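Novice: 3D model of this:
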Amino acid sequence: MTLIWLVRCYKLPKPKRNRTDIMLYIIDNFNRWQVNISAIYGVSLKTLMFIIWKGYGFLVPFIAIAIVGLISVVSWTLFPKSIFIGPCLGCFLAAAAIWIIGNKFNSPIKNRVLIDKQTGQELLFKPEHSLFFIKMQYWAFVVGFAGIGILLAMIFAK
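Specialist: This is a model prediction of the structure:
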């Protein structure tokens, strides 16, 4: 999805192959793209990045930013002198929300078994919602560690 978006966004010729061929196409034509992207759009490749997700994995940063931002604003209005409490608490609540939502989306209850009529072979389809190849619920640990880092910064800042 993301690779195709990059090709469409910059109006470059797109290959009509699978994702591996698209990736090789990007690597082969990288120098030509660098000239086209920087000349047409004024964007340096240092700011260009890929976001790789499956299913609803793209929601992880949105959930984290929304919850941390909301809790931070509320805590800064209630406790204006403590700047670390809001982001710290927001990270912990965002981690809990990401864990719950990720477990719900990647639940084994949603697995489906399909039987091929010709061969009689059973195929198991599992839901996969991931961001950068990491399942959605495991991003809760990353956000939680960010909360621990903010908590340590709050402790050592005094």
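
Novice: now the helices for the chain?
Specialist: 2-9, 19-28, 30-41, 59-78, 85-105, 139-157 (DSSP state H).

Novice: quick one: average pLDDT of the third one?
Specialist: Right, the one you point to is helix 30-41. In this model, helix 30-41 has a mean pLDDT of 47.

Novice: what of the fourth one?
Specialist: With pLDDT averaged residue by residue, helix 59-78 scores 93.

Novice: which strands or helices does that helix pack on?
Specialist: Counting contacts by 3 or more C-beta pairs under 8 Å, 6 or more residues apart in numbering; DSSP states H and E, helix 59-78 is packed against helix 85-105, helix 139-157. Where you see a C-beta, it was placed from the backbone N, CA and C, and this is true even at glycine.

Novice: need the residues that contact that helix.
Specialist: 82-83, 85-87, 89-91, 93-94, 97-98, 101-102, 131, 136, 139, 143 (C-beta atoms under 8 Å, 6 or more residues apart in numbering).

Novice: could I get the buried residue list for that helix?
Specialist: The neighbour-count check on helix 59-78 (16 or more other C-beta atoms under 10 Å) flags 59-61, 63-64, 67-68, 71-72, 75 as buried.

Novice: tell me which two in these are the farthest apart.
Specialist: Greatest spatial distance among the buried residues of helix 59-78 (C-beta to C-beta): 59 and 75, at 23.6 Å.

Novice: of the buried residues of helix 59-78, which is the nearest to residue 147?
Specialist: residue 68 (8.8 Å).

Novice: can you pull up the bridge partners for residue 115?
Specialist: residue 122 (DSSP bridges).

Novice: now do stretch 75-89: distance from first to last residue.
Specialist: This stretch, stretch 75-89, spans 9 Å end to end (C-alpha to C-alpha, to the nearest Å).

Novice: how about stretch 53-62?
Specialist: 13 Å.

Novice: from the contacts of helix 59-78, keep the buried residues only.
Specialist: Buried among these (16+ other C-beta under 10 Å): 85-87, 89-91, 93-94, 97-98, 101-102, 131, 136, 139, 143.

Novice: buried set for stretch 144-158?
Specialist: 144, 146-147, 150-151.
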